[in-house]
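Undergrad: only geometry, no sequence info:
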């Protein structure tokens, strides 16, 4: 069904203070439209929302098995993590298992997201390196794939490096949309990112959610990565992050992943649905509420799941005294 853009309102004292517009597409694994809000064929950069598809070569090539990667490692390969100790340790484990060092990572140094973890680094006089980058798990997966495939590890972030060419080929096949030099940009972690239609992104994650690909090995890789993320939601994001909260709220029933500039993707395996959305103003609070709202809409939930989702789908605004002063919610 075709709708106007989703509107997420921010209210204060019962009055609307801000409004965010969201373009969103929901399809099944065949690409049939379930729901559409706003510009369904809008071409967007998925950014980090597509990491689970970028991790497919790691599994499909046999690298994950060769290096003994378990669910937490595969979930981190799909993650935009907080840089908490558990995330950093897991990325270090991935590199060690692959016989690689931290200096191989080319994603750039980044402080952990949480101030608590930043303060710990300052107190311990620890140098911030790429291992703390929110994409370090993804990049550890890239270099592990390169090592296993006898490809050069250095410069793996470059557009024409064999690692990125393989990832682009996988993305082209899974999204049914071209990924090449003409429609690419550079992501925050320095790898190529490609502009594709929102509807193609939704159908790709519908197929990802049910493991539906012409090739059986790719289908298995999709299911394995999906299950790893749902089994280890903390590794996908971390403390107080919506990706982690949503997957914990309805355990084993939904895969979700945020991307920069207000992008979200989701898979609902039991329904065969894929979701892709982007906030028109790039706002995160809008898409976090919107994706939780759609999970509530499509799934039949028990009381515990309803209670766990409500704080996400209707996010309470508090002030510095802890007073509830407003709500972020999808407009009726």
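TA: Now that the structure is in, tell me what you want to look at. Note that the coordinates shown come from a computational prediction; the quantities given were computed from them, not determined experimentally.

Undergrad: How about the contacts made by residue 21?
TA: Contact analysis of residue 21 by C-beta atoms under 8 Å, 6 or more residues apart in numbering lists 5, 6, 7, 38, 279, 280, 281. Where C-beta positions appear, they are placed from N, C-alpha and C, glycine not excepted.

Undergrad: Looking at those, which is nearest residue 251?
TA: residue 6 (25.8 Å; C-beta to C-beta).

Undergrad: tally of neighbours for that closest one?
TA: When neighbours are counted by other C-beta atoms under 10 Å, residue 6 registers 24.

Undergrad: where does it fall, phi/psi-wise?
TA: Main-chain torsions, residue 6, degrees, to the nearest 10: phi -60, psi 140.

Undergrad: What pLDDT is listed against the residue lying closest to it once chain neighbours are set aside?
TA: Among residues not flanking residue 6 along the chain, residue 22 sits closest, at 4.1 Å (C-beta to C-beta, 6 or more residues apart in numbering). Model confidence at residue 22, given as pLDDT, is 98.

Undergrad: what kind of secondary structure is residue 22 in?
TA: Three-state assignment for residue 22 (DSSP: H, G, I helix; E, B strand; the rest coil): strand.

Undergrad: Pull up the gap between it and residue 36, please.
TA: Distance from residue 22 to residue 36, counting by C-beta to C-beta, to the nearest Å: 12 Å.

Undergrad: just for the protein, where's the confidence low?
TA: Within the chain, no range satisfies pLDDT under 70.

Undergrad: how does it look with 80?
TA: Counting by pLDDT under 80, the ranges of the chain that qualify are 1, 332.

Undergrad: which residue ranges form the strands in the stretch 101-250 of the chain?
TA: With DSSP state E, counting those that start in this stretch as the criterion, the stretch 101-250 of the chain has strands at 184-186, 192-194, 196-197.

Undergrad: Pull up the pairing partners for the shortest one, direction included.
TA: Strands flanking strand 196-197 in the sheet, each with its direction: strand 43-44 (antiparallel) (DSSP bridges).

Undergrad: which strands and helices sit next to the helix or strand just after the partner strand?
TA: Sequence-wise, the next helix or strand downstream of strand 43-44 (DSSP states H and E) is helix 51-54. In terms of contacts (3 or more C-beta pairs under 8 Å, 6 or more residues apart in numbering; DSSP states H and E), helix 51-54 is packed against helix 162-175, helix 198-210, helix 216-231, strand 255-259.

Undergrad: now what about helix 51-54, what contacts it?
TA: Here helix 51-54 makes contact (C-beta under 8 Å, 6+ apart) with 77-80, 135, 138, 167, 170-171, 174-175, 204, 208, 225-226, 229, 255, 257.

Undergrad: Check stretch 152-165 too.
TA: By C-beta under 8 Å, 6+ apart, the surrounding residues in contact with stretch 152-165 are 57, 100, 104, 106-107, 142-143, 145-147, 149, 151, 181, 184, 189-192.

Undergrad: Please, a PyMOL command that selects the buried ones among the residues you listed?
TA: If you want just the buried ones from the contacts of stretch 152-165 in PyMOL, going by 16 or more other C-beta atoms under 10 Å, the selection is:
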select buried, resi 57+100+104+106+107+142+143+145+146+147+151+184+189+191+192
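
Undergrad: quick one on the thing from earlier: what is the neighbour count of the residue nearest to residue 6?
TA: As a burial measure, residue 22 scores 24 neighbours (other C-beta under 10 Å).

Undergrad: That one against residue 38, yeah?
TA: Yes. Contact criterion C-beta atoms under 8 Å: residue 22 and residue 38 qualify, at 6.8 Å.

Undergrad: Now do the shared contacts for the two.
TA: With C-beta under 8 Å, 6+ apart as the test, residue 22 and residue 38 both reach 5, 6, 280.

Undergrad: what's the closest of those to residue 233?
TA: residue 6 (24.3 Å).

Undergrad: ok, residue 323 to residue 10 distance?
TA: 16 Å.

Undergrad: residue boundaries of the helices in the stretch 51-200 of the chain?
TA: Along the stretch 51-200 of the chain, the stretches classed as helices by DSSP state H, counting those that start in this stretch are 51-54, 56-60, 63-66, 71-77, 85-97, 115-123, 136-148, 162-175, 198-210.

Undergrad: tell me the contacts of the spatially most central residue of the chain?
TA: Nearest to the mean C-alpha position of the chain, counting by C-alpha atoms, centre = their mean, stands residue 257 at 2.8 Å. Contacts for residue 257 (C-beta under 8 Å, 6+ apart) come out as 48-52, 78, 80, 229, 236, 243, 264-266.
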